[in-house]
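Visitor: Have a look at this fold, sequence not included:
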């Protein structure tokens, strides 16, 4: 399972990077979200246990799933959502400033 | 005196600096003029001087005082002081000359209201310099060392409107600062080899240091620091340029104190680094080169201060050379040389300052005949200059005698002895010529320029140089200056490492040094008489390319390479991304990637059974995630791509369900949808034509660059895959915190959901910051789109520009003004209240069930987003006018902080759990607790709702300039206009 997960995360990351490098500004934003997904998936898979009991206090003696990475991901999801929205608005500003959504036409960052 | 009293001088002087800085305040500045201030400030070095003197008795017994203060003890950083006779000698010189220079500066800057700045720098420098010579720890030494460089920069550039002053300051900082970095590395090596940063240990581990394989490196680095600071050849070029500092600073920093820092360092470390072949050759050769260069170049200077600067360089070379020798007399010469030079050179600088001040020029070709109009200055200058010339009965004579005695010492190798002696005689002669030239051309003869007229300076101004001058006169005359001799002997012993005998008797009989001295003086007289011819000869011999032109070339080369480096910055965003990613991948490969060791045996192949890990479902989820993401690349339309992304997010939620992590899955689903809504809104806001064009060019690029992008993606993906694999295989298979939470969450926090407990309790502060960040994102988007975008002339979807018929079916989706079906409208109406009920339930019971404040906030926002999609901007805003983003956000964050504080008061811990309902005995529904957790969840929900509302309001806005932002922009423009005027 670890191998498959690792491959999936790697492929996801590669897809994210490739999307990030597109000329189309919306695709770059999509690439960012995919990258965030890859990272969240990575965090999720680092949980210590693979179990069938959710992390709730109960009478069961089964091992619960690892709560710490879950709490971290919860934070990460929300933050990456906020970040993505912010980046989107920045991309929007860029396209408003240069009157184009084609990244290759955005070359005024110099000077 | 207790040991810790050695901190006092530093504190006193830095307090003085503070007082001087306070005189920059207008009301104090009006009441206290510079002269009064300087008298007041002189008390600081005076009292420090007295404190240092009080230590002398104990130092007679060759005691060492040390003091240690913890700075960052956790990483082994300490401030330390170490005070022995060598430090005392330097410390006394620093404070003594400090008193005089401060008083002198008070006269020099008379009537200048801004001179408090100068005095502040001077006192700061004095503190740094004292710290340097009393440093007991290599880090203290280094910090003081750099502080002196930086304050020297400020002082040289004191007249910062003058370009040459700025250049000179930069040059000094560039050279001494560069040396400082070398010194730091060297000192770190030293402390690594010795196992301690304290000088007490380092000074006792000479054998370890000399035997270490790092010895040549250490020596090179430390020497580089010392040589640059003490203006040794070829780094001496900064000192003449530093003469653009005001003369009091030159007298203090660039003759008596700062340039001696390198000498101090080398002398301090001589017992542990010295006494080796390489040390001898390095210091002797560099010192000799410096000594000859300085004296030779000094001869052709016309500027009083430049001449003094070159003679200082020469003297520093002599001192450096002395440290390199391994014989007793050399250290006698060193210590006497330091003392003699500090005394006569500071006096001469101050005299030069007086001449400049009273006549308005320092040019030797214009001065002359001032002995009549400035008799006192002449007297003082004469004593000091004759001491520099090395004539009896002045102290400088003794310094030169011991130098010659060293040169003539039989223990030196034959060839070296010859060169050494010869060089010493030549330097002696040149120094004599310089001194006489200085004196003669300024004070004797007739004025060469009749316009130059002098008159005597105020008494106090002449008194300042008179004191060191008189010292050079009487030090050799005192009948039995035993105490002084003992101090000097101890200082020499600290530098040499062995006992040194010092007597201050001038007359030692008819011996070889006396004969050589006479030879040098006669040669000097000859040089002085034929100086016109010498100058012509020098002019003819002058090399076309000097060290200064080399330095300028170096600076130009740095500029060129910088502009080459920035040529990489093409201004294209995509290029930057490529470079950043490529560099990251290279770093990974270079540092860690190749040494990754995969323990493949720990890997489990997926078992294709439905039991246990539910592998088949996981594999399915993974396929969904990867497949949907892949689809988001391939599909042509942006909108479809966003949908594919959404599907991929659902796959992740599925994986979370399998984990099982129900809270996460819930958040992931709602956030995923929200992200899609926001993406679609942003997409809809882009001008249609622009959007379609961008969609067309998604893959339109040269095949080569497409391959390059794919390659970068694949390599970074592979790198991430490797990292993940290693991380997953080597991760701990046992959680230490989960059992703890399992045992405590319910009993302590009254929460069944462990993840929820972590969010609002265990990591409550983290969550507070997180909602802060999220709110900032909302506010940031609001600000960016509302004002910045309007400023760039964003008019949103350009309505007058008719779009071409689109081949894509989902291009507007109702938000662009398209009519939506009535079913959807009813659904939207119902969705909002339902979402609110779900949200409130989430918050109320979230501590026992899946769901929390985030989910609640996002679910309600989703319903609002649905409204935007269905009704469009105008209708939504008018119907939901009660949904005010900023107040919601502010209420949320304030409520969170208040909850935390209340809990702190009630329970004694920020964000600790308090169940108010239980406390007050309120009749509440079963399972619901009116606790801090509930309030915090509510706060989270409110702030998330507020922030998302901001995002939706701005991104959902069709883009025309709304009246409010137009008005604001106009106001901003007018403000800017006013500022410009």
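Guide: Nice, thanks for sending it over. Please read all numbers here as calculations on a predicted model, not as lab measurements.

Visitor: State the pLDDT value of residue 75.
Guide: Since no chain was named, I'll use chain A. Looking at residue A:75, its pLDDT stands at 87.

Visitor: Sorry, I should have been clearer: chain B.
Guide: 74.

Visitor: what's the answer for residue A:49, then?
Guide: 65.

Visitor: likewise residue B:809?
Guide: 36.

Visitor: Residue B:839 now?
Guide: For residue B:839, the predicted pLDDT is 90.

Visitor: so how far is residue B:773 from it?
Guide: 21 Å (C-beta to C-beta, to the nearest Å). No exception for glycine: its C-beta is placed from N, CA and C like everyone else's.

Visitor: Please list the outside residues in contact with stretch B:150-162.
Guide: B:117-118, B:121-122, B:124-125, B:128, B:165-166, B:168-170, B:172-173, B:176, B:241-242, B:244-246, B:249, B:253-254, B:258 (C-beta atoms under 8 Å, 6 or more residues apart in numbering or on different chains).

Visitor: which ones are touching residue B:946?
Guide: B:775, B:778, B:884-892.

Visitor: So for the helix or strand hosting residue B:674, mean pLDDT?
Guide: Assessed by DSSP states H and E, residue B:674 sits inside helix B:662-685. Helix B:662-685 carries an average pLDDT of 86.

Visitor: The helix or strand just after that helix close to chain A?
Guide: For helix B:662-685, the succeeding helix or strand toward the C-terminus, using DSSP H and E, is helix B:688-696. Yes. Helix B:688-696 is in contact with chain A by C-beta under 8 Å from any C-beta of the partner chain, via B:690-691, B:693-695.

Visitor: Okay, buried residues for helix B:688-696 please.
Guide: B:688-692, B:694-695 (16 or more other C-beta atoms under 10 Å in any protein chain shown).

Visitor: Surely residue B:876 is in contact with residue B:869?
Guide: No. Look at residue B:876 against residue B:869 with C-beta atoms under 8 Å: they stay out of range, at 9.2 Å.

Visitor: Could you check the pLDDT of the most centrally placed residue in chain A?
Guide: Residue closest to the mean C-alpha point of chain A, counted by C-alpha atoms, centre = their mean, is residue A:36 at 0.9 Å. Here, the pLDDT recorded for residue A:36 equals 91.

Visitor: so where does it fall, helix or strand?
Guide: helix A:25-45.

Visitor: Tell me the gap between that helix and the middle of its chain.
Guide: Distance of helix A:25-45 from its chain centroid, counting by C-alpha atoms, centre = their mean, to the nearest Å, is 3 Å.

Visitor: what's the angle between the following helix or strand past that helix and helix B:662-685?
Guide: Reading on from helix A:25-45 to the C-terminus, the next helix or strand found by DSSP H and E is helix A:67-98. Between helix A:67-98 and helix B:662-685, the angle comes out at 0 degrees (axes from the mean of the first three to the mean of the last three C-alpha atoms, to 10 degrees).

Visitor: Is helix A:67-98 positioned near chain B?
Guide: Yes. Helix A:67-98 lies within reach of chain B by C-beta under 8 Å from any C-beta, at A:67-68, A:70-71, A:73-75, A:77-79, A:81-86, A:88-97.

Visitor: What is the burial count for the closest residue to residue B:467 other than its chain neighbours?
Guide: The shortest distance from residue B:467 to any non-neighbouring residue, by C-beta to C-beta, 6 or more residues apart in numbering or on different chains, is to residue B:100 (5.8 Å). Neighbourhood size, residue B:100 [other C-beta atoms under 10 Å in any protein chain shown]: 24.

Visitor: if I read this right, residue A:68 contacts residue B:737, doesn't it?
Guide: Yes. Residue A:68 lies in contact with residue B:737 (C-beta under 8 Å); the separation is 5.3 Å.

Visitor: what about the two, which has more around it?
Guide: Just comparing residue A:68 and residue B:737: by other C-beta under 10 Å the higher neighbour count belongs to residue A:68, 22 against 15.
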